[in-house]
Each structure stands twice: as C-alpha cells, then as structure tokens.
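**Student:** here is the input, now give the coordinates:
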Amino acid sequence: MRTSGLLEFCAYLENTPLALAIQDSFWAVPIMQTLHILAISALLIAMLLINLRVLNFADKSDSISIVISRYMHIIWLALPVLLVSGCILIVGEPARSLANPAFQMKMIMLLVVIIISVGIQRIGSKNHGLSQPTGTIKALSILSLLLWLGIVACGRWIAYT
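**Tutor:** Residues are numbered from 1 along each chain as shown. Here you go, the predicted structure:
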C-alpha cells in the first residue's frame, strides 16, 4: 500500500541523521543483514524443531512440553535481534521496505505467528507431560510452519519488488 503519507514518511526518514549515517557507512548494512539472517536462522530452526515434535515427526523421546521449553527461549532471544537489525535496515532504506507490499505482508504474518507461538508455548506449559498432541496444537503448528515459510518468502521477495 503506497499512500502519499507513507511515501512522505519514507522521504523524511531517509534524510534523518541516523539514516544518513547508515547509508554512508560501508559496514552497517552488511553487518545488520548478517545478524538478521543469523537470528532468523536460529529462530526458524527452533520453531521447526518444536513444530516437528508437535506433529510427531521428530524427537519423540521427549514430551512436547519439554521440547517447547527447550527451544522457545531461542525464539524469544532471536526476536529482539530481528527487531533491532530490521529497524536499522529499514531506517537505512525506508522506501525499499515500508512501502513494499511484500514487507507489509511479512509484518502481518509475523504478528500472527508470534501470537501463535505464544499459544503453542502456553499449551505446552499448561500440559507439562504432553506427549500426544491435541488437534489445537497440531493446527497451530501447521499454521506456524506455513506462516514462517511465507515470512521467509516475503523477506526474500522484498529485494525484487
């Protein structure tokens, strides 16, 4: 959605001292992109391990609640890194991100998948010995996997739109 207000905000943001410093720095964007990719990789692996266990495809020796508690902290540590690195990347090139439909879709999916992750974590923490997944947690896991695939696809698509 490219509204004139959004484009005006992007033009303003692009000319702030912080944005100019990021644009003039030869190292800021590559380092932030590297941190962003490493954090999304850690987060995706943790979510994949949780979701595969919930769907009975992996790590059946441990209960679902143990697997959730083992990997969920990685997700909650990676999200702030993604937030900070993503914000710095956005400030450096605001129009490339904020006015981009792929970026907007990515942010919507991210909000939904964070809510789903909280739901999965709550179900797992309430049922400490949960070894057989319920229909609810299975559905949340499938939706989570699909949303993460969409987030990664949209993240890559930002460069091409």
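
**Student:** regarding this protein, what is its longest helix?
**Tutor:** Of all segments of type helix in the chain, defined using DSSP state H, the longest is helix 64-92.

**Student:** distance from it to the middle of the chain?
**Tutor:** Relative to the chain's own centre, helix 64-92 is displaced by 7 Å; criterion: CA atoms, centre = their mean, to the nearest Å.

**Student:** average pLDDT for it?
**Tutor:** Helix 64-92 comes out with an average pLDDT of 92.

**Student:** which parts of it are buried?
**Tutor:** Neighbour counts over helix 64-92 (16 or more other CB atoms under 10 Å) mark 64-69, 71-72, 74-75, 78-79, 81-82, 85-86, 88-92 as buried. (Each C-beta comes from the backbone N, C-alpha and C, glycine too.)

**Student:** same deal with stretch 22-33?
**Tutor:** By neighbour count on 16+ other CB under 10 Å, the buried set for stretch 22-33 is 22, 28, 32.

**Student:** make TSV out of the residues you listed and add pLDDT.
**Tutor:** Formatted as TSV, the buried residues of stretch 22-33 follow (pLDDT from 0 to 100):
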residue	pLDDT
22	91
28	89
32	94
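
**Student:** which element, helix or strand, includes the residue most central in space within the chain?
**Tutor:** Note on the chain: the residue nearest the mean C-alpha position is residue 110, at 5.4 Å, using CA atoms, centre = their mean. If you go by DSSP states H and E, residue 110 is part of helix 101-126.
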